[in-house]
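A.B. asks: Have a look at this prediction, sequence included:
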Amino acid sequence: MKLVITMSRRFGTGASVIAEELSKRLDIPVYDKAYIEQKLSDHTYENEAEAIRRLAEKPCIILGRCASDILKDRMNVLNIFVCADKEDRIRRIMAKENISYDEAKEEVETTDEQRASYYYEHTGKTWGDVNDYHMILDTTQLGLENCPDILMHYFEKCEYI
């Protein structure tokens, strides 16, 4: 399998849980903002984009960082956007971080704004536009626990694995 998966997501959807489960099942690494920034001495977007291109030379999962746009011309890349109802995301963050409803709501709204801004600043596109992704997963409708199975079935059907 030479598949590179990019996973963009609204905050609190559980996308990192999906990515970790896929990582185990496919035996490929997951790279996120912290990992990518740790590898760079200079945190410019151009350096980050180059690091993402290098990571994508081998099968992997990349969370966020405009990877879907950076790797848009590659044939072996599957771009996924993970969403969920706002109330579900708030409840997930409340439980994960042990914070109040209002604190979680503020964190969800602020983080989504920051991600949308970052994406637009670096791509000129609207974050979450369905035209930029091969697949949209709604963890509220599909169930977070079902998403790795759905993706694995899709990968098998398309003969990625």
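C.D. replies: Structure's in. What do you need?

A.B. asks: wait, what's in contact with the residue nearest to M135 when sequence neighbours are not counted?
C.D. replies: In space, not counting the residues next to it along the chain, M135 is nearest to I80; the distance is 4.9 Å by C-beta to C-beta, 6 or more residues apart in numbering. Any C-beta I mention is one placed from the backbone N, CA and C, and that applies to glycine too. Taking C-beta atoms under 8 Å, 6 or more residues apart in numbering as the definition of contact, the neighbours of I80 are I5, T6, M7, S8, Y133, H134, M135, I136, L137, L151.

A.B. asks: These, buried ones only, as a ChimeraX selection?
C.D. replies: Command for ChimeraX, covering only those of the contacts of I80 found buried under the criterion 16 or more other C-beta atoms under 10 Å:
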select :5,6,7,8,133,137,151
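
A.B. asks: Looking at the contacts of I80, which is nearest K105?
C.D. replies: Relative to K105, the closest of the contacts of I80 is S8; by C-beta to C-beta it sits at 21.3 Å.

A.B. asks: quick one: contacts of the helix or strand hosting that closest one?
C.D. replies: In this assignment (DSSP states H and E), S8 forms part of strand 4-9. By C-beta under 8 Å, 6+ apart, the residues outside strand 4-9 that reach it are 15-16, 18-19, 22, 56, 59-64, 67-68, 71, 74, 76-83, 119, 127-128, 133.
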